[in-house]
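Peer 1: for reference, the sequence and a predicted model appear below.
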There are 2 protein chains.
Amino acid sequence: MNPTSDTDLIYLDYNATTPIDPRVAESMMPYLTRWYGNPSSNHAQGQATRRAIDGARSQAADFLGASVSGMVWTSGGSESNNHALLGAARLAGRGSRIITSAVEHPAIAEVCRHLESEGYAVTTVPVDGVGRVDPDDIRRAVTGDTALISVMHANNEVGTIQPIADIAAIGRDHGIPVHADCAQSVGKIPVTLDALGADLLSVAGHKLYGPKGVGLLCMRDGVKIPNLMYGADHELGRRPGTENILGIVGLGTACALAQEDLEDEIRRLTALRDRIETGLLEAYPAARVHGDRTPGGRLPNTLSIGFPGCRAAEILAHLDSVAISAGAACHGAGEIGSAVLRAMGVEPQHAMGTVRISVGRMTSAEELDRAVPAIVRAVRQAGSA
Amino acid sequence: MNPTSDTDLIYLDYNATTPIDPRVAESMMPYLTRWYGNPSSNHAQGQATRRAIDGARSQAADFLGASVSGMVWTSGGSESNNHALLGAARLAGRGSRIITSAVEHPAIAEVCRHLESEGYAVTTVPVDGVGRVDPDDIRRAVTGDTALISVMHANNEVGTIQPIADIAAIGRDHGIPVHADCAQSVGKIPVTLDALGADLLSVAGHKLYGPKGVGLLCMRDGVKIPNLMYGADHELGRRPGTENILGIVGLGTACALAQEDLEDEIRRLTALRDRIETGLLEAYPAARVHGDRTPGGRLPNTLSIGFPGCRAAEILAHLDSVAISAGAACHGAGEIGSAVLRAMGVEPQHAMGTVRISVGRMTSAEELDRAVPAIVRAVRQAGSA
């Protein structure tokens, strides 16, 4: 049942990616072996896959509190983010502005950097010591030429949750669409269009116990964003290409599963995360926890913890039995230091020994009780290296 | 073993999409159930998926006669085409020109249409009565501002194979990169960078017994194309997003399988296609076959056949037991008529009753012998409707 039990590894890197939930895998199997028709075909094979996509779209729309017509299947969170940012910018025209934060994932930050090279303006608002954006900074950044405000819902490294509802209200006041990269938040805390108030949400399947290579751009009804790609009329003309049946069915199931017991899961994850946090701080009192530790201030599953006097890469090198990460998986921040921690003003001696520990659906308390001494041992070895 | 045997349907719509080969599905299974790490992670889970991607990349590069560094995994043929065309055009700058043909898939034709709306020039060269581009027309179309020549390798509706090597030579003479959409040709006829001489090839997994939602943009070493999307440094910085492990592993296996017995398979498919073509023409002598019927002139698996006096949609409506298509699956051409047939100068009375029959790896002679009378019966019913 537990995919992680196949290896000796204690997997505590759920923010990098999640295992595919066995129930997700099971729902995909018929489309791996039996139903393969092109959903645009009218025969029985095509109708079967068309129904599967429609069903998954309903599951995702239910989960995100959106209309089915507002769900665009993409190849993942990066495509969703590119679609939203490049689209909004190009719609508003060269010279228009994107407002974003200093702690975004590269799939936002690098798109902004590219837009700057194309002649667009980008305003990057700072974060405070716990990694939080001040909505007033967003409000002050708004100009008449602002095409989009894009702020992540929760940070991938430290877990800090941004005040998206407040930011979305600012967007509404000024008639500016608001996008939230929800790749890390979805499935860990409530994410709906109404709760966030945003106009565009990005979702990545592989952070939600679904497969890699599939995602969603969730659009509020009436929001107009030009295409990122052109071709045949799939996805109501918004995203061409024969649909990724396996990925779509898997992400649909993943959405339904995440919706089922979200409140219970939040409590369970919080307890697990607090257990390892407490264990590590007891064993290593000089360690420092990054991010917003107030209740509801960060993702329930995420612990960013810095061990002064050693380097994260060294800790990982001494840690064979536990999978955690130095910074984020997508961009090895071990040596040059995390841009997120830097933006938070964390001093280099606290940043350089920082590791990210993220628990998830398959994590057990027993695993954590084995992980704590292993991590402490690795920190000691790294410190004396 | 044969996925099509799960339904009563005789599946003759391989150009719309192929079943996933059971050997492809089997190769994907470990990544559905056991190995899920983020390939950017350094721990054992990440290393396992990284090795899987590297292995698949080698399989694809071997198959296409390209270097591993020239293979960019995409979300499918449409993304590969968009990447090549939008990239080449944007690199050359607004006002530059794309030369293409009149029989391209919407994933090329609609990109060109969009580029025209952005201020780029597009020259569309015609085809002859069998759907073939004359390389001299390409040569005459070349201007000093041409950014890219993009011609499909083989047509999805009629199967006609284009003289890509001759077109590529023209590109080389003028220092213009040449792109070939190989979505339909790959796995059906030899497709390598050297044989075609082109600089950029698009491949779609789901036409090659691989999964949907994965493809390749194969780039000759030294060809520079800007990104379609921005983000973290995946794919040597050319395509962001956590890799679609399942899709990539599946497409790698599909490439290896297609390479194994291509020459034998071409002979087998040709015999099957000729069998159904002969059967239908014997039963319905007024039918007309479209495309280049000279040896090697069209895809070995494809039959485009017009039944005068009836409409393709009517034929399909009377045909429950056999999956074929009216025009192409991706864009229901049944009622408005096929743009490909129109470009070939096929008169409306021959075009409107045209269906596409495409055989494949799982097709047997016995299936065709049952399909012929079923199709003939449906044509008669449609004709008398």
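Peer 2: Received, thanks. Residues are numbered from 1 along each chain as shown, chains lettered A, B, ... in the order given.

Peer 1: can you list the domains in chain A?
Peer 2: A:6-19+A:261-383, A:22-260 (automatic domain parsing).

Peer 1: could you pull out the helices in the stretch 151-300 of chain A for me?
Peer 2: Here the stretch 151-300 of chain A has its helices, by DSSP state H, counting those that start in this stretch, at A:164-174, A:193-196, A:245-260, A:262-283.

Peer 1: B:L262 is nearest to which of these?
Peer 2: helix A:245-260 (25.8 Å; C-beta to C-beta). Just so you know, the C-beta spots here come from the backbone N, C-alpha and C atoms, and that holds for glycine as well.

Peer 1: from the contact counts, what lies against that closest one?
Peer 2: helix A:22-33, helix A:44-64, strand A:71-74, helix B:245-260 (3 or more C-beta pairs under 8 Å, 6 or more residues apart in numbering or on different chains; DSSP states H and E).

Peer 1: buried ones in it?
Peer 2: Across helix A:245-260, burial judged by 16 or more other C-beta atoms under 10 Å in any protein chain shown covers A:245-259.

Peer 1: and the helix or strand hosting A:D137, how far out from the chain middle?
Peer 2: Secondary structure assignment for A:D137, by DSSP states H and E: helix A:135-141. Counting by C-alpha atoms, centre = their mean, to the nearest Å, helix A:135-141 is centred 23 Å from the centre of its parent chain.

Peer 1: hey, C-alpha coordinates of that helix in CSV?
Peer 2: What follows is helix A:135-141, C-alpha atoms only, in CSV (Å, rounded to 0.1, in the frame of the first residue of the first chain):
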residue,chain,number,x,y,z
PRO,A,135,-0.6,43.4,1.1
ASP,A,136,0.0,47.1,1.5
ASP,A,137,3.2,46.7,-0.5
ILE,A,138,1.2,45.2,-3.3
ARG,A,139,-1.3,48.1,-3.1
ARG,A,140,1.5,50.6,-3.3
ALA,A,141,3.0,48.8,-6.3
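
Peer 1: just the mean pLDDT for it, thanks.
Peer 2: For helix A:135-141, mean pLDDT rounds to 98.

Peer 1: following that helix, which helix or strand comes up?
Peer 2: According to DSSP H and E, the helix or strand after helix A:135-141 is strand A:146-150.

Peer 1: so is that following strand next to chain B?
Peer 2: No. Applying C-beta under 8 Å from any C-beta of the partner chain, one finds strand A:146-150 out of contact with chain B, separated by at least 13.2 Å.

Peer 1: and what of stretch A:180-195?
Peer 2: No. Stretch A:180-195 does not reach chain B (C-beta under 8 Å from any C-beta); its nearest approach is 9.6 Å.

Peer 1: report the buried residues of that stretch.
Peer 2: A:180-189, A:191-193.

Peer 1: now A:R94. Nearest residue, chain neighbours left out?
Peer 2: Nearest residue to A:R94, sequence neighbours excluded (C-beta to C-beta, 6 or more residues apart in numbering or on different chains): A:G119, at 4.7 Å.

Peer 1: what does A:P211 give?
Peer 2: A:G250 (4.5 Å).

Peer 1: what separation do you get for the one you found and A:A66?
Peer 2: 19 Å (C-beta to C-beta, to the nearest Å).

Peer 1: list the buried residues of stretch A:41-52.
Peer 2: A:41-46, A:48-50, A:52.

Peer 1: could you export those residues as CSV, including pLDDT and distance to A:Y209?
Peer 2: Listed next are the buried residues of stretch A:41-52 as CSV, based on pLDDT from 0 to 100; distance: C-beta to C-beta, whole Å:
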residue, pLDDT, distance to A:Y209
A:S41, 91, 30
A:N42, 89, 34
A:H43, 92, 33
A:A44, 93, 31
A:Q45, 95, 28
A:G46, 95, 28
A:A48, 96, 24
A:T49, 97, 22
A:R50, 97, 25
A:A52, 98, 18
